[in-house]
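>>> Got a predicted structure here, sequence first:
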Amino acid sequence: MRLRRCGPDAVLVEVDSLGAVAAARAALVGLPGLVELVPAARTVLVSFEPGSPGLRQVQAVLEQADLSAAPVVDSAEVTLPVVYEGADLELVAETAGLSVAETIALHSGADYTVAFCGFAPGFAYLTGLPEPLCQPRLDNPRTRVPAGSVGVAGEFTGIYPRSSPGGWRLVARLADDAAALFDPTREPAALLSPGDRVRFEAVS
Amino acid sequence: MSRALTVLATGPLALIEDLGRPGHAHLGVPPSGALDVPSLRLANRLAGNPEGAAGIECVLGGLAVRAGTSCTVAVTGPSVPVRVNGHLVDSHAPVHLRADDVVELGSPLAGIRNYLAVSGGIAVPPQLGSRSTDVLSGIGPAPLAAGDVLPVGDPAGLPTGEDAVPPLNPVDFLSVPVVLGPRDDWFTGAGAQLAASVWSVSPESNRVGLRLLGDPLRRAPGFDGRELTSEGVVTGAIQVPANGRPVVFLADHPTTGGYPVVGVVPARHLAVLAQARPGTRIRLRG
């Protein structure tokens, strides 16, 4: 673990695994004056109100925490109904050496966890993707990925909350009657938050 | 008669802003909010509001609004002509309007952003705890357009006549401190490299970031062509994309970034950057 200075009121905690990110994030919740706690793939950004004593407590809190153990946190369980009709479904199946039906069964049979969010409001990076589905991004990213598209890239799967450019391999789309991933007029605005557990349910 | 302001003209860009929605970066939601925070706070104090009430952030003047009822407004930011029904009035002071009075902003003499506060604050529905328009993610109200009718809240306090508030006086050469890190080790002599250049504000700057033109920053040996895994970034972070030209992240910045951040401009120095016109020269003291 390494702490990197990030201006007068924040520090970037650098660790070597997604598991350690989750553990560090859980350990830092509730520090006095905390403003932002932003996990990413190998870091947690911790920022505080100016002059808050919390910043000076980060190192001690992390040294006492066991970053190798999965954190025990209250997390929501979310089931997302999806239609497995992604534009790259056959490519993903072929790359994995599986049939389309086997690919669907594998993706919808796994338990996922929101590791972190970013890229756009409500975009959650889900871990737990079965190894055969861990595949590279497209060589030529799409200029427009439709909202609700479910893709895989590297060790992650995720859903595009709104249409945007993107290079993930698309395997499915959110069902029409599924709740929006992000709606700033709703409370809570984001359907998925770091630590939440997620399953995909195949619907037609 | 209603507690509302009707927008008659907007100039190049006019947005509703308050102090933003920090605390949602873990959901991918930028902090947003007024770029020149002290100016919004002052406008609100002058209008008798809590400092965090929503007002209008107006780029390069040209805003005109009509009061639906009697109210108090205050205009802050760089020095700017303010007219009520065509007659010059003071900026940086409470101005009392009657129903149907029209208040207009001319062009600021220097700087970019003026703030108009109205007693009671602009009362559009908040999103994630803020009424701010976020130009990056599209959260919050749309940019203002002529014909918009903006609801105004009930006044909470008395306008305060602060003595002789001097307008900001933006200059064309700024010297801004930088706290090095978190990724200063990616650059050869990061502090010295930053300080050696006089940077120029690019016309492509916006609420997402202030883009700087100048000699590209050189990566340290071993870091050339290296890619960074995306990580959280703070407002004021100086991100250095592959072209080596720094971007100082402002309120509507993305919550994570995949390029190294060489240093961070402390928050209290961001207001002056928010007022820097294209071509303004900047020294970054690492």
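Alright, I've got the coordinates.
>>> where do the helices sit along chain A?
Taking DSSP state H as the test, the helices found in chain A are A:18-28, A:54-64, A:89-96, A:100-109.
>>> buried stuff in the shortest one?
In this case it means helix A:89-96. A:89, A:92-93, A:95-96 (16 or more other C-beta atoms under 10 Å in any protein chain shown). All C-beta spots, glycine's among them, are computed from the backbone N, C-alpha and C.
>>> now the last one
Residues A:103-104, A:106-108 are the ones in helix A:100-109 that count as buried (16+ other C-beta under 10 Å).
>>> Go through those residues and name the one nearest A:Leu37.
Nearest to A:Leu37, judged by C-beta to C-beta, of the buried residues of helix A:100-109 is A:His107 at 29.6 Å.
>>> Give me the distance between the closest one and A:Ala40.
Noted for A:His107: a distance of 24 Å to A:Ala40, by C-beta to C-beta, to the nearest Å.
>>> and the gap between the residue in the stretch 51-200 of chain B that chain A sits nearest to and B:Arg285?
Residue nearest to chain A within the stretch 51-200 of chain B (C-beta to the nearest C-beta): B:Pro182, separated by 3.4 Å. B:Pro182 sits 18 Å away from B:Arg285, going by C-beta to C-beta.
>>> was I right about A:Gly195 contacting A:Val78?
No. Taking contacts as C-beta atoms under 8 Å, A:Gly195 lies outside contact range of A:Val78: 11.3 Å.
>>> and the gap between the residue nearest in space to the middle of chain A and A:Glu63?
What sits nearest the mean C-alpha location of chain A, by C-alpha atoms, centre = their mean, is A:Tyr125, with 2.1 Å. Applying C-beta to C-beta, the value for A:Tyr125 to A:Glu63 is 27 Å.
>>> how is chain B carved up into domains?
Taking automatic domain parsing as the domain assignment, the ranges for chain B are B:4-151, B:173-285.
>>> residues from the stretch 1-150 of chain B in reach of chain A?
B:22-29, B:125, B:127-128, B:137, B:139-140 (C-beta under 8 Å from any C-beta of the partner chain).
>>> which other helices and strands contact the lowest-mean-pLDDT helix or strand in chain A?
Least confident helix or strand of chain A, by mean pLDDT, DSSP states H and E, is strand A:164-166 with a mean of 90. Using 3 or more C-beta pairs under 8 Å, 6 or more residues apart in numbering or on different chains; DSSP states H and E, the elements in contact with strand A:164-166 are strand A:142-145.
>>> Now look at the strand it packs on and say if it contacts chain B.
No. Contact of strand A:142-145 with chain B (C-beta under 8 Å from any C-beta) is absent, the minimum separation being 15.7 Å.
>>> Partner strands of that strand, with direction?
Partners of strand A:142-145 in the sheet, by DSSP bridges, are strand A:164-166 (antiparallel).
>>> which parts of the strand it pairs with are buried?
Buried-residue list, strand A:164-166, by 16+ other C-beta under 10 Å: A:164, A:166.
>>> highest average neighbour count across the domains of chain B?
Greatest average neighbour count among the domains of chain B goes to domain B:4-151 (a mean of 21), per mean count of other C-beta atoms under 10 Å in any protein chain shown.
>>> Let me see the contact set for the residue most central in space within chain B.
Nearest to the geometric centre of chain B sits B:Leu35, at 1.8 Å (C-alpha atoms, centre = their mean). B:Leu35 makes contacts with B:17, B:57, B:113, B:207, B:250-251, B:270-271, B:274, as judged by C-beta atoms under 8 Å, 6 or more residues apart in numbering or on different chains.
>>> Not counting its neighbours along the chain, what's nearest it?
B:Ala274 (3.5 Å; C-beta to C-beta, 6 or more residues apart in numbering or on different chains).
>>> Excluding residues flanking it in the chain, which one is nearest residue 10?
No chain in the question, so chain A it is. Using C-beta to C-beta, 6+ apart, the closest residue to A:Ala10 is A:Ser47 (3.7 Å).
>>> I was after chain B.
Nearest residue to B:Thr10, sequence neighbours excluded (C-beta to C-beta, 6+ apart): B:Leu144, at 5.0 Å.
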